[in-house]
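Engineer: fold the following, please.
(chains A and B)
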Protein chains: 2
Amino acid sequence: MKIGILGTGIVGNTIGTALLKKGHQVMMGSRNANNEKAAAWVKTNDSKASQGSFEDAAIFGEIIFNCTKGEHSIEVITTAANNLAGKILIDVSNPLDFSKGMPPTLFLSNDTSLGETIQNKFPDLKVVKALNTLSCTVMIDPAIISNGDHNLFICGNDIDAKKMVIQLLHDDFGWKTENIIDLGDITNARGTEQILPLWIRLFMVFGNADFNFKIAR
Amino acid sequence: MKIGILGTGIVGNTIGTALLKKGHQVMMGSRNANNEKAAAWVKTNDSKASQGSFEDAAIFGEIIFNCTKGEHSIEVITTAANNLAGKILIDVSNPLDFSKGMPPTLFLSNDTSLGETIQNKFPDLKVVKALNTLSCTVMIDPAIISNGDHNLFICGNDIDAKKMVIQLLHDDFGWKTENIIDLGDITNARGTEQILPLWIRLFMVFGNADFNFKIAR
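Structural biologist: Numbers count the residues shown, from 1 in each chain, chains lettered A, B, ... in the order given. Predicted structure coming up:
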């Protein structure tokens, strides 16, 4: 499958590399089509890796991952929006505000969320909020902790889009489908984005990001 | 030990009953010293159970549980504040706003929390935020799910107060101390209160409250 990644940070890089290893063609999109981090990533990977502008990545991808920093997400998706209509956008971003230091607060929260703000602003996009509640190392290889027995939360308005994302998470990242909890429509992104303040505090207590939420029942 | 409970709802009732079974003396405090729910609770329990006003419960208890609804907590603690100086208050409440229906939003969140608001308003009180992230059935008997292997989050400014609360949670409710995660000072209540929006959504998906967060590592 052709996959577009918006963002050249550690999250986009890690997800992109994992998808290449599974045989997908991946284009990493950035503000500048000649972005150095994207170029380095293309160089260390195989011929299925490419780079371009956000717009290029949006045109290229059948599925798009939003791996930009939350504060830039709306602006970036606006840039690429003409080429995203009808496509699935997996929104991995979080509305983190680090302007007052650690731990960050959320610049959108409680009665809204970044996921639903994106969906409302770009109604032709099929936004699926997923993967935003854990580190990228665990996202793409859940088995590195607790034999993979912990949870992912997913939400979005389009049921077929969620099914396709769950399939990708299973096939390409190794998530057991029974560990993926569908919370319902995109407004439920409020729930998953709001656990970031706890995630970050746990990260500060543990001193590492090798953990994830599991719902014990 | 003498324990005061603020609030006569299901949470206060469940916690109070569990503490009685462990041999503690428990007074349930309410707005009206003759509250009917408190009277019924006293009647169905042994002679170690008693009822009174919020002020009576504050005088009586060596440790106080705040089991009032979040929207009433500040008002209730104000009523009892003269008799709370130097005491430990275990804050089980959450700032839930149900005024727009389910799922609720939080009336304090993100850059503050109910726990720290109580601590700031009543600096002589030793506020320990705990037990606010799970149902009362699981609070007092963690072993009913996953053999008790899931987590509690605790925070507060007074280290000795937290130690005493951890001891109580272990001795009286059966929590394994290694499953209690100390997040640090009371500002970390922002982290634990903000997972309520996800907890409630999970409750809506599962149709029951027999679950809890576990941090898989």
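
Engineer: so what's the residue nearest to the spatial centre of chain A up against?
Structural biologist: Geometric centre of chain A, nearest residue: A:Val92, 2.2 Å, by C-alpha atoms, centre = their mean. Counting by C-beta atoms under 8 Å, 6 or more residues apart in numbering or on different chains, A:Val92 touches A:11, A:15, A:65-67, A:130-132, A:139. (Each C-beta comes from the backbone N, C-alpha and C, glycine too.)

Engineer: state the distance from it to A:Asp160.
Structural biologist: Using C-beta to C-beta, to the nearest Å, A:Val92 is found at 20 Å from A:Asp160.

Engineer: and what of A:Thr44?
Structural biologist: A:Thr44 sits 35 Å away from A:Asp160, going by C-beta to C-beta.

Engineer: likewise A:Lys48?
Structural biologist: Distance of A:Lys48 to A:Asp160, given as C-beta to C-beta: 26 Å.

Engineer: more neighbours: these two, which one.
Structural biologist: A:Lys48 (16 against 9; other C-beta atoms under 10 Å in any protein chain shown).

Engineer: near chain B, which residues of chain A?
Structural biologist: The interface of chain A toward chain B, taken as C-beta under 8 Å from any C-beta of the partner chain, is made up of A:103, A:105-106, A:109-111, A:145-146, A:149-150, A:153, A:181-184, A:188, A:190-192, A:194-195, A:197-198, A:200-202, A:204-206, A:210-217.

Engineer: weed out the non-buried ones from those.
Structural biologist: Among the residues of chain A next to chain B, those classed as buried by neighbour count (16 or more other C-beta atoms under 10 Å in any protein chain shown) are A:103, A:105-106, A:109-110, A:145-146, A:150, A:153, A:181-183, A:188, A:190-192, A:194-195, A:197-198, A:200-202, A:211-216.

Engineer: and those residues, which of them are in helices?
Structural biologist: Assignment to helices by DSSP state H places the following of those there: A:190-192, A:197-198, A:200-202.

Engineer: pull the residues that contact the lengthiest helix in chain A.
Structural biologist: Ranked by residue count and defined by DSSP H, the top helix of chain A is helix A:159-173. With contact meaning C-beta under 8 Å, 6+ apart, helix A:159-173 is reached by A:18-19, A:22, A:24, A:63, A:88, A:90, A:126, A:128, A:130-131, A:139-142, A:152, A:154-156, A:175-177, A:180, A:182.

Engineer: go ahead and confirm A:Cys155 touches A:Asn188.
Structural biologist: Yes. Judged on C-beta atoms under 8 Å, A:Cys155 makes contact with A:Asn188 at a distance of 3.9 Å.

Engineer: what is in contact with these two at once?
Structural biologist: Counting by C-beta under 8 Å, 6+ apart, the residues touching both A:Cys155 and A:Asn188 are A:Lys129.
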